[in-house]
Each structure stands twice: as C-alpha cells, then as structure tokens.
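[1] Model the structure of this input:
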Amino acid sequence: MSVDYSKRSVNMFDEALPPLPSKLKAIPTRLIINNRAIHLANPNRHARLVFQAIHNAVLSDWWQQTLNSVTQRTYVTQISCFTNWLNDQKLNDARIFHLLEDYQTYRINQNELLPQSTGTKDIKILLEEGAASDTFTPEEQRFIRLLVESTGILKGEEPTPFTLSGWFTNIDWLRPLVGDSNWLALESPKRLMGSFSVTVACSLLWILQIKSAIFKLMQKYPHITEIGKGLTSRQRNFKHCRELLVTLIQHSNELPEGAVELLLADCLNPNVLKTYNERIRDGKTIGLKIKVGSCYQNTFIQPHIFHPDYITSHSRIEQLLMAWLCAWQTVQPTDVRKLKSNNFYIHYNKYHRPISVQCAYYKGRSSIQEPQILDSSLIEAKAIIAYLETLPDDEVAICPIGGSVSFTPTSNYSIPGLLTRIWETPTLSKLINTRLKARSSSDLFRHLYLCMIRNSQESYAAWYLKELEKQQQTSYELYREKVSRPLPISLFGLAAIKTSSIQARSDKYRDSDLINTNSHSAGVEKTNYMTDKNKEWVNLNGRITRIVLDDIENHVFKLNIDAALSQARERNLQTKIQKISSNQNVQINPLGQVITPSAAGVIKNGEPDMYVVWDTPETVVYFLHYLSEAERQANRLIQNALQFFERTVLPDAEWMSLLLNNRISPEVVKEGTEKYKQLHKVLPPLFEAQIYGGVGT
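    Numbering: from 1, shown residues only. Sure thing, here's the model as predicted:
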C-alpha cells in the first residue's frame, strides 16, 4: 500500500526533528590573559556590561592582530587597575555615565598620577572596540557608546622639559660667582649649546688622537702590555700607568701636544700633583708611592682612558662624549644607546677624504629619522668620524653607556671628576678657545661647569654616606638645606641635551619646510618645543614686530611699550580659545560658504572679563591681516593717531601674536596662513578712518 506523503501534515516531520538549541547569554566575570586572572566581583549590571565590553575587546582580532606584546601588557595593567577599582564601587544609576570620570578622578587624587597617566584613555579605547561585538543588544551597545562619548579626558599638565640650561640654573648659588652676563646668557640655548658642542667635540677628538698615537708607540714597546701580569688588578694598573708615563715623557716629541697632560689627568692622584711636579723638575724618579708631607700616598689612581682594557677600545668617558654628540644632533635618548656604526653615513670625495657625515636611525614607535648632515669641516663631524673609524666591529653599539651618571666631581674615580681634570688642562683649553673664537662663541659651558666644581662643597653622595654613619635622616631636600652650596644628584642626561639642542635651533623651524631633521613632526615642534619655557623661541617670537617697535621707540618717540605688553598679557590670560562644534548654528552667505562667528569681533560670553576667540582659519586670516596692516601703517598712525596706535594697535598686535604662536591650534594656523597668502592682495586696508579722520584717537 502506497502512502501519499504530499497529503500528510508537515508537522509529522517536525515531530521527528530535535528542537533547535537556544543560545544562553553568558556574561563573563573572569578574564585570563598571559596566565594572569582578572576577576569582576561587582554584581551591578552596568559594571558587568563594562567588563563584558573589555572582555570582548581582548578576544577580538583588533587585540590579536594590531597590538604588539608591549602594548598588550600596558592594556592588561590598566584593565587590572580599573577592575580592582570597579569591584569596590557601589554604582548609582544617576551617575552611571560619570563612571570613567570618577575613575579618572580617583587615580589622580588617590594614586597621585598625572591626568595622562590614569589609563582612562586606554579603557575608553577598549570599550569602543568591545562595543562592536554581536554579543550585545542594541540597547547595551548604545549604553557603552554613550558612556564612552560622555567621558572627557582631562588635559595633562604641560610637562617641564629637562634642559641643559635648567640643570645649571637650578644651582642658584652659582650666579654671583659667574656674573650676571654669563648667567643671563643661559637664557639663550643657542649660546649654551654652541659652547657645549665645541667643548665636547674638541675633548673627544683630542682624546682619540692621543690614544691612537700612544697605541702606535706601545706597538714599538710591547713590554708595556705585559707589565703586571700575575698581580692584582689594582697593582697591575698602577705599574702600567707608571711605565706608560715614563715612556711618554721619553717620547713626548713623537706624540700630539698635551699627551702627557691627558695621561696625568687620567692616571695621577690629584693629591700628589704638586709633589710630582717638584720631583720631575728635580730629575727624580717616580715610584708607585710618593711622600706628601709626612705620609706616603699612591702616586696613581684607577685609570679610565688609559686602562689596559681600553687601549684598543673606547673607554666609558669616550662613549659618554659620543653619546652627548648624538643627543646634540637631536637623536632620541632611548635610541642613542642602540646606534651602531652602520647608522652613520660618511660621504667621501674622489680622494677618499670625508666631506660630510649623517646619522640615520629607526626611532621607536616612529620611522627612520635623519638628523641634519654635518660638514666635515665642523669639529663635531671630525670627532664623530674619528670615533667611528676606531670602532672594532660594525655590529657593536657605539655608545652603550646607560643610566644616569652620579655627580661626584670631587671623587678621583668618577667621570665628572675626570671631566673636570681634562677641561682644566692647558692644551685642551687652548684648543677649545681657538675653535670657539672661530665660531664667534664664548666658553660659556666649560666656564660654568668648572666654576661650579671649584666653588662647591661636598657632593650629595659624600654627604649621604657621612649622615648615614651618624644615623641621621637623609634626603636631597635635607642636603640642600644643610649644605650652603649643594650640587645636583646626577650629571645632566641625554634628554636635557636633546631638548636644549632643539630649542637652540627653533628659528630654523618653518611650517612649510620640505626636510625635517628633528625626530618629531612640525606639529610637535610647535606645540611642545615652541613654548614660553623655550627661551630661544621666546627671544625670537615676534622678532619682526619687536624690530619695528624698537625703531619706533628709539628713533621716533618714546612709546609706553610696557603698558601695551602688560595689557596684551592680561588679555591673553582672559582669552578662551573655542572650537566650532558640530551642533553650532551658522549662516550661509550668497556664495554658499559657511559664515562662522566673526573673527574681527572679540565675543564676550557669560563670564566677566572673558574673551572668546574661535579656533578657525578665518580668525588666523584676520589676525595676520591686522598684524600686516599694523606694520605697514605704523608710521602714518604715529603721525595722525598716536593714542590709538599706542593704546589699541600695539596691545592688539601683541595679543594676536601670542595667540597665533601659543594658543591657536597649529593645524588651524597652518590652514589660515595658506588662506591668507591667497587672499592678502584683495583684503581691504585697515586704519584708514583713524589716519584720515582721526576716528578712535
């Protein structure tokens, strides 16, 4: 009997099929990353949604494919800190959209972190990535996105740059000793860095040339390298120094000028220098010990430059001087220690003589950077080339010196102490002064450094050990209170040199430069380096306006410049820069262009004595046109509307210059400048009414 299945109900098949599985919605409360468990203990539904979004972000392709291991570890640390805080919170639905802002406030107040270090920005990024998951309903996604959008990240405090000038100016007791002229010269990073680079390069080149000559001499007298074998390291070094000194004195005519001076600065105990000179003058021999007064002292100390292990390689002080020259070229401090000889390109002429040298390196988190090319006639280039030519291996880091250098200049064994003795040698002093004179520079850096050493008392390290023996409290603050002429804890570092070098070159910056020799963008240059803390930029800022004002003040009449500057600075403090928001009402002109709020009219808001300036290219165009017209019409305004020029135009011009250079966004300034170049020929003249009619006078 046949069965007509077409007549049977479809429900018969449905009964034979198993029910479809239903998907249970599980909200995770535990996250395990790299064997590290992060547990959510807060039962609040909003807290669980936030944690679920973070969980989704960690499991996403974004996490696995776009983040490297270092960035992932940073995120994990921030997730752990945020979850621990979230577990202790009793969330209120009325303030739920302030959740991340409350966390940010907690991190700043309780953990004493800067706004940029709270990790709130990282949590926002994780929530944005995790909200896209299909595990959320549309309502849940909307909540996560509203939470992210309603959270504002506090602007971090402007960082205080570490500079070479700042390292010296912190030693305030130095000012009366060096004089006001030298002290005020520190306000110019260009002067200080010009002196610094020549001093460092001369020192390094001088050391390298003498070491090279001594190495050739030792090849003629190989017994020097065999001296002291089988003895302790200390005894061997002392005998090595004595034999080397005797050999150098005998062959001083074959060596570069100052070879014996350098050896004595490196090897001779400073406490026996006077007695040593007397014995040499009297033709007496030099032993390992020498009688000073009523007691014997070691003639020699542990050498740095002429240590037996460093005769054919670079000593620590040579590496430090080379690192300083790299930082002077604005190489990132963290990358200086990674540089190898193949990061430097030496260009030769057809006679195989070097004509230039340039560094090219990969900056972390960025790209290939190329500082400026150094001509081989520069002393800095000569020192760098000489250093590179004496490297034993292309794959070895050229200056692997790391960490800060303790500033103990009175110690015979420290690098700052050796630098002091080297910079006091007559031959090197003469070489440095000759090079500085050729560049029309002063010996500012070395003068400040040596004056500080000669007039200081004990270092912090010496004071610390002394107080520790007395079982007294120790801190740098107490050291500064108890010692009349305290010294810094550490020698200036690579970051201070790099920042000062950038500041010294501020006048070379142009927005439209095709080649950028700095390791940062033009925008970073303007916002982070061209600030009031960069004295070189302050000196150059508005220089054209100041030249005009100086001519007016000294040759035309005596203007009340101070009053104008004071008024401009006061108005600058009362000025608020405001961006055009997306929901702001605007008007459209007959040409179809958006009419933003007038840049010419400074708008008052609800707050008393507050000026609002719109952060738009139109504002920049108006400001640049005003400044150009003020400069063009200055003489006519002085003749016909003196009070208007002094009380209105000058304060306005200074105020606008301050805003353009320090307050308005760099990208807006750049766009506005381009527009002004296109429009300046058709813009109407200003101040005609004041000049011809006396209006506003």
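
[2] Could you use CA atoms for every contact and neighbour count after this?
    Will do.

[3] Skip the chain neighbours and tell me the closest residue to Ile398.
    Nearest residue to Ile398, sequence neighbours excluded (C-alpha to C-alpha, 6 or more residues apart in numbering): Lys340, at 5.2 Å.

[4] per-residue confidence for Cys81?
    Per-residue pLDDT puts Cys81 at 92.

[5] should've said Val556
    At Val556, pLDDT is 54.

[6] same check, this time on the one 4 residues further on
    Confidence per residue is given as pLDDT, and for Asn560 that number is 63.

[7] for the one 5 residues further on, same thing?
    Leu565 carries a pLDDT score of 77 in this model.

[8] cool, the one 3 residues further on as well?
    According to the per-residue confidence, Ala568 scores 81 in pLDDT.

[9] go on, Thr232?
    pLDDT recorded at Thr232 is 83.

[10] Kindly report the same for the one 3 residues further on.
    Here the pLDDT value assigned to Gln235 is 84.

[11] just checking, it is part of a helix?
    Yes: applying DSSP: H, G, I helix; E, B strand; the rest coil, one finds Gln235 inside a helix.

[12] now the strands: where do they sit in this protein?
    In the chain, strands defined by DSSP state E lie at 30-33, 36-39, 289-292, 295-298, 344-348, 354-359, 361-362, 368-369, 374-375, 575-578, 587-588, 594-595, 603-604, 611-614, listed in chain order.

[13] Next, the angle strand 354-359 makes with the fifth one.
    Angle of strand 344-348 versus strand 354-359, following axes from the mean of the first three to the mean of the last three C-alpha atoms, to 10 degrees, is 160 degrees.

[14] Can you spell out which helices and strands pack onto strand 344-348?
    On a contact count with 3 or more C-alpha pairs under 8 Å, 6 or more residues apart in numbering; DSSP states H and E, strand 344-348 meets strand 354-359.

[15] In the strand it packs on, which residues are buried?
    By neighbour count on 16 or more other C-alpha atoms under 10 Å, the buried set for strand 354-359 is Pro354, Ser356, Val357, Gln358, Cys359.

[16] Poorly predicted segments of the stretch 301-450 of the chain, please.
    Counting by pLDDT under 70, the ranges of the stretch 301-450 of the chain that qualify are 364-367, 402.

[17] any chance you could map the helices in it?
    Assigned by DSSP state H, counting those that start in this stretch, the helices in the stretch 301-450 of the chain fall at 316-328, 333-336, 379-389, 415-423, 426-438, 444-455.

[18] from those, which stretch is densest packed?
    Mean neighbour count (mean count of other C-alpha atoms under 10 Å) peaks for helix 316-328 among the helices of the stretch 301-450 of the chain, with a mean of 23.

[19] could I have it exported to CSV, CA atoms only?
    These are the backbone C-alpha positions of helix 316-328, laid out as CSV (Å, rounded to 0.1, in the frame of the first residue of the first chain):
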residue,chain,number,x,y,z
ARG,A,316,83.4,54.9,29.3
ILE,A,317,84.1,58.6,29.1
GLU,A,318,84.7,58.4,25.3
GLN,A,319,81.3,56.6,25.0
LEU,A,320,79.7,59.3,27.1
LEU,A,321,81.1,62.2,25.0
MET,A,322,80.0,60.4,21.8
ALA,A,323,76.5,59.9,23.3
TRP,A,324,76.4,63.6,24.1
LEU,A,325,77.2,64.5,20.5
CYS,A,326,74.4,62.1,19.3
ALA,A,327,71.9,63.8,21.6
TRP,A,328,73.2,67.2,20.4
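
[20] Could you give the separation of that helix from the chain centroid?
    Relative to the centre of its chain, helix 316-328 is centred 17 Å away, using C-alpha atoms, centre = their mean, to the nearest Å.

[21] Can you name every helix or strand that it contacts?
    helix 189-220, helix 333-336, helix 379-389, helix 494-504.

[22] of all these, which lies closest to Glu139?
    Closest to Glu139 of the helices and strands packed on helix 316-328, according to C-alpha to C-alpha: helix 333-336, at 46.6 Å.

[23] Check which residues of stretch 107-125 are buried.
    Arg107, Ile108, Pro115, Thr118, Gly119, Thr120, Lys121, Asp122, Ile123, Lys124.

[24] my bad, should have said stretch 87-99
    Buried residues in stretch 87-99, counted by 16+ other C-alpha under 10 Å: Asn87, Leu91, Phe97, His98, Leu99.

[25] Can you lay out those as a markdown table showing pLDDT and distance to Ile286?
    Supplementary listing: these in a markdown table, determined by pLDDT from 0 to 100; distance: C-alpha to C-alpha, whole Å:
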| residue | pLDDT | distance to Ile286 |
| --- | --- | --- |
| Asn87 | 90 | 75 |
| Leu91 | 86 | 81 |
| Phe97 | 89 | 81 |
| His98 | 89 | 78 |
| Leu99 | 90 | 77 |
